[in-house]
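> what's the 3D shape of this:
(chains A and B)
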Amino acid sequence: MLKIENLQCSINANPVLKGLNLSVKPGEVHAIMGPNGSGKSTLASVIAGNDNYDVDGGDINFDNQSILEISPEERARMGIFMSFQYPVEIPGVSVSNFIKTAVTAMRKFRGEKPLSSSDLLKAMKENMDLLKMDSGFLSRSMNEGFSGGEKKRNEIFQLAMLNPRLSILDETDSGLDIDALKIVANGVNRLRSAENSFIIITHYQRLLDYISPDHVHILSDGKIVSSGSAELALKLEKEGYDEITK
Amino acid sequence: MMKSQSSLGLDSVENTLRSIVRESDAYVIIRNGHCDFELSNIPDGVNVMGESKEKELAATILANKFEYVAKDGQIDGLLIECTSSIRLDEPLYVIFLDNSQIEQGRIYHNFYLLREGVRVNIIEKKLSDLGRAKKQNLNMFSSWFLENESALTYYGYELPNKSPYYSINNCVVIRQMGNSSCSFFTFYWEGGVTNNELEVFLDGEFAACKLYSVSLLLNSTIVNHKIRMNHNFPNCESCQLYKGVFNDNSSSHFDSIVYVNKHAQKTSSTQQNNNIILSDYASVKSDPQLEIFADDVKCAHGSTVGQVDPKALFYLQSRGIGKKDGTALLLQGFLCDVIDEIVDLKLREFTLNEFYKILSINHYYE
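Sure, this is the predicted structure:
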């Protein structure tokens, strides 16, 4: 599904990713861990199509097609979703209006008619229940004045509404208390399927207690230095990055 | 839902009129400066004077209430008086219809008088069936007198006018007495040059005046605002919220003064001008000013000129929303604090629809 080959990226001429390789098959959950500044968020942003980063070499293939020249909105319509580490506040645009516009754009791309208001509301209610969000949420301005936990929940809510094939969770666990973490993890687990894949970017092993990954990769200085099963994350938690990236 | 015209042919003017006639029980139609009593449907409690028989009465009232009107009994405009018996659940439409062939220097003068305790919503629309090549220069003077305890909500729509030769000077004076309140909305789309001069006199305690305005400008449209808000009495409140979105070579100058007289203690005033520029050739000049001579007042002012937030746009794109739709959504969010103040739901929907039309027919991105 996703194949990244020798990816090299920089921001303002500072190299961040220095030859990264990663392959994700349908249904797989990959965790990417690494110290601050190792390039985890850059990787997420580049897959989503953020043009603040320059791709200097290598390739990203999705469904056997290079997506480097494809716009962020088209990538989203192909089924790529990034949960933002710092979701943007959009004053004056309600959550429901945002969701409606996004869902309609996705359906239009697939040649489907817009959902009726009642069907859309029903879908929103179901997913809000799943994430234990109250209904007042929908009429609030997008992320404006949201607590850290609410913002992250709102990201997973969008994920649930858009049902992407590849979801990238960029430090979705940071800033969450343990109850919120469980709710978010539970939401993600419900959305797992044989077709849908996840890349979970995190500092800590904590989230992986609730979402068990098929593969764990350790990113250091712009490269994946170690890959393994879920045990790798436990080992990392015990020994720290220094031991493993040595 | 009201339909607005996209072109300015005679048909579209008629359609707009017809939809207003359908929507409302109360409308005053002013054709080339004169009230058309046959077309109008003037409700009880509203007196339109200035034509023949009431001329003398109108002159007396005008001389009494509007100090600067010449006291020789001659008036060159209409007096629209809302008396205390008024009970209007629906807004009163005032439609200016212009199909005269005069190219230069047309002057309208309208006096609005709200008697004590009257509450009224007034919607002004200007329609013109002139072809787009015609030069047209309008001078509109409106004087508003709000007696004690009266309340006005005013919506002024400059309907889309594609003619670059269209120029209009709006001169508005609002005088408010004690405990009166005024919400004054103006909307500007595209076409020609509009110069607004607006002066408010808060001449009684606890008077409140709120000015809201949205400009969505394209092509070489110019809309300038020169405002003076005079706080002459204590305990008055004023608010200015002017928002603009500028594309192509459009431009605007916001030049506004809040003046607080030394007797006007406990004044509370805000003055805000926020602008988004979408093109390298559009320009905005913003001068919010305060002149304060009292020492116990609360006055805030601020202005911003910026562009669509690229981070917010990327966020929308990453959810499958294209640049064009995403920009329109962000602009709608930018304008919503004015829209949310429109209490009349039908009118709010109408205004939003006008926004959508303008936002969706144009490429608000590079």
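> which residues touch residue 206?
No chain specified, so I'll use chain A. A:D173, A:L181 (CB atoms under 8 Å, 6 or more residues apart in numbering or on different chains). The C-beta positions use only the backbone N, C-alpha and C, and glycine is treated the same way.
> try chain B instead
B:G178, B:N179, B:N235, B:C236, B:E237.
> tell me what the host helix or strand of B:F334 is packed against?
Using DSSP states H and E, B:F334 sits in helix B:323-339. Packing contacts for helix B:323-339, counted by 3 or more CB pairs under 8 Å, 6 or more residues apart in numbering or on different chains; DSSP states H and E, involve strand A:90-94, helix A:95-109, strand B:208-217, strand B:237-246, strand B:268-277, helix B:310-317, helix B:345-361.
> Can you flag the buried ones in the contacts of B:F206?
Restricting the contacts of B:F206 to buried positions leaves B:G178, B:N179, B:N235, B:C236, B:E237, with burial counted as 16 or more other CB atoms under 10 Å in any protein chain shown.
> Which of the residues you listed lies at the shortest distance from chain A?
B:E237 (24.0 Å; CB to the nearest CB).
> For the residue in chain A that chain B sits nearest to, grab the count of nearby residues.
Here chain A gets closest to chain B at one residue, A:G92, 3.0 Å apart by CB to the nearest CB. By the criterion of other CB atoms under 10 Å in any protein chain shown, A:G92 has 19 neighbours.
> What sits closest to it if chain neighbours are left out?
B:G333 (3.0 Å; CB to CB, 6 or more residues apart in numbering or on different chains).
> In stretch A:43-57, which residues are buried?
Residues A:L43, A:A44, A:S45, A:V46, A:I47, A:A48, A:G49, A:N50, A:Y53, A:V55 are the ones in stretch A:43-57 that count as buried (16+ other CB under 10 Å).
> farthest-separated two in the residues you listed?
For the buried residues of stretch A:43-57, the farthest-apart pair by CB to CB is A:A44 and A:V55; their separation is 14.0 Å.
> OK, contacts around the closest residue to B:G320 other than its chain neighbours?
Residue nearest to B:G320 in three dimensions, not counting chain neighbours: A:A76, with 3.9 Å by CB to CB, 6+ apart. A:A76 makes contacts with A:A48, A:M106, A:L162, A:P164, B:Q317, B:S318, B:R319, B:G320, as judged by CB under 8 Å, 6+ apart.
> try 6 Å
B:S318, B:R319, B:G320 (CB atoms under 6 Å, 6 or more residues apart in numbering or on different chains).
> ok, now A:I11?
Applying CB under 6 Å, 6+ apart, the residues near A:I11 are A:Y53.
> Next up, phi/psi of the nearest residue to A:I211 once chain neighbours are set aside, please.
Nearest non-adjacent residue to A:I211, counting by CB to CB, 6+ apart: A:A185, 5.1 Å away. When read as degrees, to the nearest 10, the backbone of A:A185 gives phi -60, psi -40.
> I'd say A:A185 and A:Y210 touch.
Yes: counting by CB atoms under 6 Å, A:Y210 is a contact partner of A:A185 at 3.4 Å.
> Now do the residue of the stretch 201-350 of chain B found nearest chain A, the pLDDT please.
Closest contact between the stretch 201-350 of chain B and chain A, by CB to the nearest CB, is at B:G333 (3.0 Å). You'll see B:G333 listed with a pLDDT of 92.
> What parts of chain A come near chain B?
With the criterion set to CB under 6 Å from any CB of the partner chain, chain A comes near chain B through A:48, A:50, A:72-73, A:76-77, A:82, A:88, A:90-93, A:101-102, A:105-106.
> residues from the stretch 251-366 of chain B in reach of chain A?
Going by CB under 6 Å from any CB, the residues of the stretch 251-366 of chain B near chain A are B:311-312, B:314-315, B:317-322, B:329, B:333, B:336.
> okay, A:A185 and A:Y210: which has more neighbours?
A:A185 (22 against 16).
> okay but A:Q205 is in contact with A:K235, surely?
No: using CB under 6 Å, A:Q205 makes no contact with A:K235, being 9.4 Å away.
> Give me the neighbour count for the nearest residue to B:G322 once chain neighbours are set aside.
Nearest residue to B:G322 in three dimensions, chain neighbours excluded: A:E73, at 5.0 Å (CB to CB, 6+ apart). For A:E73, the count of nearby residues is 25 (other CB under 10 Å).
> does A:E73 sit in a helix or strand, and which one?
helix A:72-78.
> which of the residues of chain A next to chain B sit farthest apart?
A:R77 and A:P91 (26.1 Å).
> Same drill for these two, tell me which one is more crowded.
The neighbour comparison of A:R77 against A:P91 (other CB under 10 Å) goes to A:R77, with 22 against 16.
> Now do that one against A:R165, distance only.
11 Å (CB to CB, to the nearest Å).
> now A:S10
A:S10 is 28 Å from A:R165, by CB to CB.
> what about the strands in the stretch 51-200 of chain B?
B:78-82, B:92-98, B:106-114, B:119-128, B:136-146, B:151-158, B:166-176, B:181-188, B:193-202 (DSSP state E, counting those that start in this stretch).
> Determine which of these approaches chain A most closely.
Comparing the strands of the stretch 51-200 of chain B by CB to the nearest CB, strand B:181-188 comes nearest, at 17.0 Å.
> and that closest one, what other elements does it pack with?
strand B:151-158, strand B:208-217 (3 or more CB pairs under 6 Å, 6 or more residues apart in numbering or on different chains; DSSP states H and E).
> Now for B:V284, how many residues are close by?
22.
> Also the one 3 residues further on?
Counted with other CB under 10 Å, the neighbours of B:D287 add up to 13.
> for B:G45, same thing?
B:G45, neighbours per other CB under 10 Å, totals 18.
> again, but for A:L120
A:L120, neighbours per other CB under 10 Å, totals 17.
> for B:C171, same thing?
Using other CB under 10 Å, B:C171 has 16 other residues around it.
> isn't it right up against B:E197?
Yes: the criterion here is CB under 6 Å, and B:C171 meets it with B:E197 at 4.8 Å.
> so where do the strands sit in chain A?
Listed in chain order, the strands of chain A (DSSP state E) span A:2-11, A:14-24, A:29-33, A:54-62, A:65-66, A:80-83, A:90-94, A:141-142, A:166-170, A:197-202, A:215-220, A:223-228.
> got CSV for the ones you listed, with mean pLDDT and distance to B:A59 too?
Listed next are those as CSV, based on pLDDT from 0 to 100; distance: least, CB to CB, whole Å:
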stretch, mean pLDDT, distance to B:A59
strand A:2-11, 95, 73
strand A:14-24, 95, 77
strand A:29-33, 94, 82
strand A:54-62, 96, 74
strand A:65-66, 96, 79
strand A:80-83, 96, 71
strand A:90-94, 93, 48
strand A:141-142, 96, 52
strand A:166-170, 95, 73
strand A:197-202, 94, 78
strand A:215-220, 94, 84
strand A:223-228, 92, 88
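> Is it possible to get a markdown table of the ones you listed that adds distance to B:S142?
Below are those laid out as a markdown table (distance: least, CB to CB, whole Å):
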| stretch | distance to B:S142 |
| --- | --- |
| strand A:2-11 | 55 |
| strand A:14-24 | 60 |
| strand A:29-33 | 65 |
| strand A:54-62 | 57 |
| strand A:65-66 | 62 |
| strand A:80-83 | 53 |
| strand A:90-94 | 31 |
| strand A:141-142 | 35 |
| strand A:166-170 | 55 |
| strand A:197-202 | 60 |
| strand A:215-220 | 67 |
| strand A:223-228 | 70 |
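> Quick one: closest of the ones you listed to B:F246.
Smallest distance to B:F246 across those (CB to CB): 18.2 Å, for strand A:90-94.
> okay, the angle between that closest one and helix B:310-317?
Calculated by axes from the mean of the first three to the mean of the last three CA atoms, to 10 degrees, strand A:90-94 forms an angle of 30 degrees with helix B:310-317.
> which helices and strands does strand A:90-94 pack with?
strand A:141-142, helix B:323-339.
> So in that sheet, which strands flank it, and in what orientation?
strand A:141-142 (antiparallel) (DSSP bridges).
> Name the residues that touch the strand it pairs with?
Residues contacting strand A:141-142 (CB under 6 Å, 6+ apart): A:I90, A:P91, A:G92, A:V93, A:V95, A:F98.
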